[in-house]
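J.: Provided below for reference: sequence and predicted model.
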Amino acid sequence: MSSSPIHLHGKPLNLADMLARRQQGYSLEAPFYTSREVFDADMEHIFGKHWIYVGVEPDVPEPGDYVTVQVGEKPILIVRDDDGEIRAFHNVCRHRGSRLCADERGAVGNLVCPYHQWTYNLQGQLLFAEHMGADFDPSKHRLGTVHLKNVAGLLFICLADEPPADFEELAATMTPYIAPHQVANTKIAKQIDIIEQGNWKLTMENNRECYHCTGNHPELTISLYAYSYGFAPTPETDEGVRRYDAMVAERHAKWESMGLPSAEVDRLDSMISGFRTQRMPLDKTGESQTLNTRRACNRLLANFEDGAIGGLSFWTQPNSWHHFMGDHIVTFMVMPLDQDRTLVRTKWLVHKDAVEGVDYQIDNMTAVWDATNAQDRRLVEESHLGVKSPAYRPGPYSPYTETLVEKFSNWYINRLSAYIK
Amino acid sequence: MSSSPIHLHGKPLNLADMLARRQQGYSLEAPFYTSREVFDADMEHIFGKHWIYVGVEPDVPEPGDYVTVQVGEKPILIVRDDDGEIRAFHNVCRHRGSRLCADERGAVGNLVCPYHQWTYNLQGQLLFAEHMGADFDPSKHRLGTVHLKNVAGLLFICLADEPPADFEELAATMTPYIAPHQVANTKIAKQIDIIEQGNWKLTMENNRECYHCTGNHPELTISLYAYSYGFAPTPETDEGVRRYDAMVAERHAKWESMGLPSAEVDRLDSMISGFRTQRMPLDKTGESQTLNTRRACNRLLANFEDGAIGGLSFWTQPNSWHHFMGDHIVTFMVMPLDQDRTLVRTKWLVHKDAVEGVDYQIDNMTAVWDATNAQDRRLVEESHLGVKSPAYRPGPYSPYTETLVEKFSNWYINRLSAYIK
Amino acid sequence: MSSSPIHLHGKPLNLADMLARRQQGYSLEAPFYTSREVFDADMEHIFGKHWIYVGVEPDVPEPGDYVTVQVGEKPILIVRDDDGEIRAFHNVCRHRGSRLCADERGAVGNLVCPYHQWTYNLQGQLLFAEHMGADFDPSKHRLGTVHLKNVAGLLFICLADEPPADFEELAATMTPYIAPHQVANTKIAKQIDIIEQGNWKLTMENNRECYHCTGNHPELTISLYAYSYGFAPTPETDEGVRRYDAMVAERHAKWESMGLPSAEVDRLDSMISGFRTQRMPLDKTGESQTLNTRRACNRLLANFEDGAIGGLSFWTQPNSWHHFMGDHIVTFMVMPLDQDRTLVRTKWLVHKDAVEGVDYQIDNMTAVWDATNAQDRRLVEESHLGVKSPAYRPGPYSPYTETLVEKFSNWYINRLSAYIK
């Protein structure tokens, strides 16, 4: 896609110009959130050429298990093969194009197309196609492969032929942080999908600040320290900040001694595979993002004995965030559906031996993020309705509480600019 | 928007050419009703640059009361400020664009954005924005204002920077007609929104003739004199017309003597702010547009003692009509949603001291127009389905019963031609 | 429509180039199934310039009976006039374009527009229009006519000014095959409409092969001989084929002697009005496409005494197929709704004197094709989701079981190529 004209309110706009004139410290111009053309560019360049988060190892615990995910117009199949390797394929038969697997998840021996029973093994090789004649060469009709990386149990795919190489750095940095939580030893206790009537970048910007938390998230803020959100410094807050910083330092020292890396790493807009992590104390009991801050699952993850290990947060560009606690993990995938609609898929993971109703109550575990997601959905949708107005003008980000929003916007503008000249 | 090509049935059309070749006395070419490009031009030039009717003073009876209306992609907020002045703003926060007020109506002290609690007063000034730092200047972030005029209780807005000046003439002419009904002393007894699956111009054309009434509106025609519709003169009707004209003259004289201006004024296609008015006798008891023509509300409007004052009708280009009777008022707003869908919002107003269930029964009051709206919706929708066909050709308007349709089409073509060259 | 650029995944494509480079023996490139521009071309050239199947004579058994059908954006009215002739008109009033008949079927004396009661006779002449004045000439406002042909009870229309002349050959060839079943002496026992979320060409391709039947249609395959599907020859199947061919020859000889033409005629891609027919034996009792292969209606069609006359199949380009048995007829119309949605209308016809509940049970009669349609819908929808993926590549048709798919694709490419240069 070259810099084709984009129409907004009847006036042609130029995406390359829009990218070039983006004003740092301000929200994006309206067409970035509202136009079909920008959405198509987002799907082609952002979601088509970067590593995107799609699921977790417990989505496919056993050989033959598969899970499907739709990325724009691309149906993708993720399957664990007979050797235990997790692979990703285009979920498209090489005969007449039918999807191979229609369900969101399942278990198979081979991949058999429902249309004419063309049969592929779990490495994507065409094993069998009836009635095709002597000249037909099955080896020329293997499934299209998709790059997949497993970062300590989190699954990322890249739809480009040559994926960004710096993802290795992300993986190397993050594995020591995540590995202690042993994602591969968890199971999915619950998955909830919601569709937000708003652009995916509004969903991401909403995730990248807690400026809105005090006014909107009564459940979430129970376990969060207000000082962790960022704030404009005032004489009144100095003492509180000092105390908070001291506590963080003390906790980090303790957790590091337990083998739990905790220091902040922020590469959100300084890498192609942008990410950020930080282990943050939780308020009150310090155990979990629940309504009473106590663990939601009595069977702790991994071999943890102490549940009060705060929350390891991990954010990736362009489409995920994750919170790893002592008792459970909450992981979020954002997937654009069109310029006006976005899927947010939330999964709650617990130790695979935890028993629902005994070790954990699912409603108790999901209460905070279920409520928070609903509140954020409303905020995203109200923003989307507002930015569609010609009266919308990019507004200033707070230099104290919206720095990570700015980094998301920077990353987005930089990445798209690499492809739109 | 210049004269960009419009596609219909695979062939590019030119809006300027279409406007230039419009044949007087005939309905419009199909793309005026069906194409997205014309719809965009309608919203930009017709609804974006003319005075449009949006509501009534009783929508915001007290300081702090607000009502919202969506004009195309523009969310608009109408609020009565603490000094009692009614103001209109773009319902878009100057921070990251969220709508300020999501509900259709409500009451507030200040306008507080739900996202990050940016707080504006009812004059649109930004009072408060947390975490924005010392360099932030609130005075540079006031709400976008929208022109608003209150014509004897009817609220019109204009989204252009420089609204058409001749609206003053409309206001000066109409105020003496409407003022006696004291809209500000009414309340909204009922509001009903319907969405018609048809282009807004088909809705307007339907409103501008009663050629279709005899065959379609059994409830409405109870109180209407057939001779008021227009008709092709025949020897058989001469006597009836004479008698009807004499009755109108007699009634007008009586009503004028009561301080109720009644004479027809028709500026539908001779002004930018086109309008028409006329006080017309009602049949039988002469009181109201009800199933039995009797007043629907025993508490009459204003200080009326005689309920038999006919119906003052008021039509405006591009999007409203209104009927003021002695006991209640019915007022209609048309708002295009897209080229294929149109909102029709009907409000029934009664004296603010009238008591539902005592002075009026709401079902009785709304029976005629609720039925009539449903019948018109069907007619509009059937027309829309027909004009989408390539077999549709502009057909001739009746020179006797469709003269006001012709004036609507004239006005529309002229106004759009002022902008599309 | 000239060779305007078509966008797929952000890259402009050229329809003329796409047509020119179509690879024989392979499914079509993705935009043929997914793009709006190709859909518009399909509606303009394929459905706008060829004979398309729309219904059966029993849709309008008596003078004044009408049935409506929507072809793209064109509402069409099919009516039997007072002389018994079946005519087709554009269902669009010549006044302001309203549809004349909104219902799917009904009976009328004249065609009266619901809007202003303009009244046309069943030959399409405007009889009456009130209030139009002395200069108005009704003869200049007759309904738009549409070409209609009745082939032994099957109704085809053509929306072009000059329809393809070779339809006469189709009619002459097919009439002897179909006439013995006496469609005019049937009634519609049941009509079921389904909407498939897929492109109409995927629906047609699905119909043109039974490669998918064994794996997907347990009900349909009860009465079908596997050898009738086509298959790759193997040493193991030689003997079966020989026996099947001998049986077909023996049955054909018998049926021909009964006055039932049976030989295969295949003009699917060698005529503008492409078609194919064949009378095929049915398995087991040989009577009907039912769950037990026995007749579904005890009152046989026409004057048949022997119900075991197999199934006469008739396929037409671009949008129909039909199965005529001794006891009932099943007839299918395909109508594109947009590039992603297709209407499939199935009608089951029985002798007009057959009595439901006595001579036939409707659920028993519809069981096979109701189930088969649902299975095919799923296959079409899965294919549509797959071909939207950029990972889809045209795949090879089986040279043994997909030859009629290839002929459909050939016909389509050739016909569109005649108009897109």
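T.: Great, that's in hand.
J.: from here on, contacts and neighbour counts on C-alpha atoms
T.: Noted.
J.: Where does whichever residue of the stretch 51-200 of chain A sits closest to chain B fall, secondary structure wise?
T.: Using Cα to the nearest Cα, A:Gly198 is the residue of the stretch 51-200 of chain A that sits closest to chain B, at 11.4 Å. Assigned by DSSP states H and E, A:Gly198 falls within no helix or strand.
J.: Number of residues surrounding it?
T.: A:Gly198 has 27 neighbours, counted by other Cα atoms under 10 Å in any protein chain shown.
J.: just checking, it touches A:Val344?
T.: No - using Cα atoms under 8 Å, A:Gly198 is not in contact with A:Val344; the gap is 11.1 Å.
J.: bridging residues for A:Tyr53?
T.: According to DSSP bridges, the partner residues bridging A:Tyr53 are A:Phe156.
J.: how close does it get to A:His351?
T.: Distance from A:Tyr53 to A:His351, counting by Cα to Cα, to the nearest Å: 21 Å.
J.: likewise A:Ala391?
T.: The value you get for A:Ala391 to A:His351, if Cα to Cα is used, is 50 Å.
J.: And those two? Which one has more around it.
T.: A:His351 (26 against 22).
J.: separation between that one and B:Thr401?
T.: A:His351 is 78 Å from B:Thr401, by Cα to Cα.
J.: Which helix or which strand is home to the nearest residue to A:Leu159 once chain neighbours are set aside?
T.: Leaving out its chain neighbours, the residue that sits closest to A:Leu159 by Cα to Cα, 6 or more residues apart in numbering or on different chains is A:Gly48, at 5.3 Å. A:Gly48 belongs to helix A:47-49 when assigned by DSSP H and E.
J.: From C:Ile188, how far off is A:His212?
T.: On the measure of Cα to Cα, A:His212 and C:Ile188 end up 63 Å apart.
J.: Walk me through the domains of chain A.
T.: A:52-151, A:179-417 (automatic domain parsing).
J.: Can you give me the neighbour number for the residue nearest to A:Leu159?
T.: A:Gly48, neighbours per other Cα under 10 Å, totals 20.
J.: quick one, what contacts it?
T.: With contacts defined as Cα atoms under 8 Å, 6 or more residues apart in numbering or on different chains, the neighbours of A:Gly48 are A:42, A:158-160.
J.: one step back: would you list the domains of chain A in CSV and tack on mean pLDDT and distance to B:Ala371?
T.: Conversion of these to CSV gives the following (pLDDT from 0 to 100; distance: least, Cα to Cα, whole Å):
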stretch, mean pLDDT, distance to B:Ala371
domain A:52-151, 98, 45
domain A:179-417, 96, 33
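J.: Any chance of CSV for those domains, columns distance to B:Ala152?
T.: Below are the domains of chain A laid out as CSV (distance: least, Cα to Cα, whole Å):
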stretch, distance to B:Ala152
domain A:52-151, 53
domain A:179-417, 29
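J.: what about those domains, which gets the closest to A:Tyr26?
T.: Nearest to A:Tyr26 among the domains of chain A is domain A:179-417; the distance by Cα to Cα comes to 4.4 Å.
J.: Show me what from the stretch 1-150 of chain A comes close to chain C.
T.: A:1, A:40-41, A:44, A:73-75, A:90-99, A:102, A:114-117, A:130-133, A:144 (Cα under 8 Å from any Cα of the partner chain).
J.: which of these are buried?
T.: Among those, the ones that count as buried by 16 or more other Cα atoms under 10 Å in any protein chain shown are A:40-41, A:44, A:73-75, A:90-99, A:102, A:114-117, A:131-132, A:144.
J.: Which of the residues you listed fall within strands?
T.: In strands, defined here by DSSP state E, the members of those are A:74-75, A:90.
J.: and of those residues, the nearest to chain C?
T.: Nearest member of these to chain C, counting by Cα to the nearest Cα, is A:Lys74, at 4.7 Å.
J.: Can you give me every residue that contacts the closest one?
T.: Contacts of A:Lys74 (Cα under 8 Å, 6+ apart): A:90-91, C:386, C:388-391.
J.: mind putting those residues in TSV, secondary structure included?
T.: Converted to TSV, the contacts of A:Lys74 look like this (DSSP: H, G, I helix; E, B strand; the rest coil):
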residue	secondary structure
A:His90	strand
A:Asn91	coil
C:Gly386	helix
C:Lys388	coil
C:Ser389	coil
C:Pro390	coil
C:Ala391	coil
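J.: would a markdown table of those residues with distance to A:Gly286 be doable?
T.: Below are those laid out as a markdown table (distance: Cα to Cα, whole Å):
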| residue | distance to A:Gly286 |
| --- | --- |
| A:His90 | 43 |
| A:Asn91 | 43 |
| C:Gly386 | 47 |
| C:Lys388 | 48 |
| C:Ser389 | 46 |
| C:Pro390 | 47 |
| C:Ala391 | 47 |
